[in-house]
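# With the sequence up front, the predicted model follows.
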Amino acid sequence: MPWICERCGRAFARAGQSHSCVSRSLDDAFSGKGEQWRPLYDELKRRVQERVGPFTEHCPSSGVLWKHTSTFGEIKFKRNCMEAVFCSDSLKMERQPVRWLRNSVNRVWHSIEVTDASNFGDLVEWFVESYVLTRR
């Protein structure tokens, strides 16, 4: 049974899980430096949802979290790119992640800079893998 934060009403897998209660609309997440990335974001989201089905978008101050029972992806907006964050069971060096974090033996979080749709094929596959891994 999920734990529900009394302050923000969001559900989490673990009781007392660390999170931000701050939430804003998707439009607010794009205001400022993210506005030029909205068409690219919408296309990436469409392609991922074609493969995994609908998912929830939560918009804390850091960007947009993609969630099912837990977070499987995050999109952050920078001045010169979008940053796509996903989980894998191994390090993916093909796209030269700007950051990566191994948070367990079989979980590696990657941050990939995205400026156009030219590499969406790999990126969509990695989000699908992240979706499957985080549902276990």
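Received it, and whenever you're ready, just let me know what you need.
# Have a look at the chain and report the helix or strand with the lowest mean pLDDT.
strand 11-12 (a mean of 70; mean pLDDT, DSSP states H and E).
# After it, which helix or strand is next? Please name it.
Downstream of strand 11-12, the first helix or strand assigned by DSSP states H and E is helix 26-30.
# Contacts made by that following helix with the rest, please.
37, 38, 41, 57, 59, 63, 64, 77 (CB atoms under 8 Å, 6 or more residues apart in numbering). Just so you know, the C-beta spots here come from the backbone N, C-alpha and C atoms, and that holds for glycine as well.
# which of these lies closest to residue 135?
Lowest distance from residue 135 to the contacts of helix 26-30 (CB to CB) belongs to residue 57, with 17.2 Å.
# Could you say which helix or strand holds that closest one?
Short version, using DSSP H and E: residue 57 is in strand 56-58.
# and that strand, which residues are buried?
The neighbour-count check on strand 56-58 (16 or more other CB atoms under 10 Å) flags 57, 58 as buried.
# Go ahead and confirm residue 127 touches residue 72.
Yes - between residue 127 and residue 72 there is a contact under CB atoms under 8 Å: 7.1 Å.
# Determine the residues that are contacts of both of those two.
66, 86.
# how many neighbours does the nearest residue to residue 124 once chain neighbours are set aside have?
Spatial nearest neighbour of residue 124, chain neighbours left out: residue 47 (4.8 Å); criterion: CB to CB, 6 or more residues apart in numbering. By the measure other CB atoms under 10 Å, the count of residues near residue 47 is 16.
# Phi and psi next, for residue 47.
Dihedral angles of residue 47 (phi, psi; degrees, to the nearest 10) stand at phi -70, psi -40.
# Strands of this protein, start to end?
For the chain, applying DSSP state E gives strands covering 3-4, 11-12, 56-58, 64-67, 71-77, 82-88, 99-104, 107-114.
# Can you flag the weakest of these by average pLDDT?
In terms of mean pLDDT, the lowest-scoring of the strands of the chain is strand 11-12 (a mean of 70).
# Provide a list of residue ranges in the chain with pLDDT below threshold.
1, 12-13, 19, 34, 95, 136 (pLDDT under 70).
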